[in-house]
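Asks: Below are the sequence and a predicted model; questions follow.
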Amino acid sequence: MASILVCYGTGEGQTEKVADRLADELTARGHDPTTVNVKAVGSDLNVADFDAVLVGASIHFGRHQKAVRKFVGANRDVLVTKPTGFFQVSGASANEDGAAEATTYVEKFVEATNWRPDRIGLFGGAIRFSEYGFLLGALMKRVVESGFPDVDASGDVEFTDWESVDAFADAFATFVEERTGDAGSTE
């Protein structure tokens, strides 16, 4: 059983949902995940104490959360010694047309942090109209209408492909097991 840190930054909560799902899948594989929002990371969290690390961030207006970039920067020297993965949650990953854009965000993150994760997962996010004010809500409705004409913009919309999230968790668990020699249990 490997201890795996799953840390994330989130805007409206979709990245947290993805992190929780990843942790559930890792648990099902017999591993011991610890899920933490990077904004709540205290000085008592020691990344070196974990066998592997997953870092997640969402994209808002073309940028990842500053707290995630800071977390990676502060822990980069430890991250490069462990099996790691990065998962990104964005509207760009919601369909094939946005794949190049989503990949560009990851490339910018890698360049800015000087950290090259071993595995990368790109997942569609969500649009929470119910949480937006008037101006942001109007802007996001235009985004949905122009980029996702088949989507009903009258309520919250979730684009996450949960099967892809599960597959990424499974692939990451396999990678960790191979790197650490510590196979999880499926009991």
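Replies: Nice, thanks for sending it over.
Asks: Kindly provide the distance from the residue sitting furthest away from the middle of the chain to residue 141.
Replies: Going by C-alpha atoms, centre = their mean, the residue of the chain most distant from its centre is residue 134, 27.7 Å out. Distance from residue 134 to residue 141, counting by C-beta to C-beta, to the nearest Å: 11 Å. Backbone N, C-alpha and C define where each C-beta goes, glycine included.
Asks: Same question for residue 122.
Replies: With C-beta to C-beta as the criterion, residue 122 and residue 141 are 24 Å apart.
Asks: Pick out whichever of these two has more residues nearby.
Replies: Between residue 122 and residue 141, residue 122 has the larger neighbour count (other C-beta atoms under 10 Å), namely 20 against 15.
Asks: What separation is there between the residue lying closest to the more buried one once chain neighbours are set aside and residue 4?
Replies: Counting by C-beta to C-beta, 6 or more residues apart in numbering, residue 93 is the residue found nearest to residue 122 once chain neighbours are left out, at 4.3 Å. Noted for residue 93: a distance of 22 Å to residue 4, by C-beta to C-beta.
Asks: next one: residue 124
Replies: For residue 124, the distance to residue 4 equals 23 Å [C-beta to C-beta].
Asks: Of those two, which one has the most company?
Replies: residue 4 (29 against 22).
Asks: Would you mind naming the residues that bridge with the more buried one?
Replies: Note on residue 4: beta-bridge partners by DSSP bridges are residue 33, residue 52.
Asks: so who does it touch?
Replies: The neighbourhood of residue 4, defined by C-beta atoms under 8 Å, 6 or more residues apart in numbering, consists of 26, 31-34, 50-54, 176.
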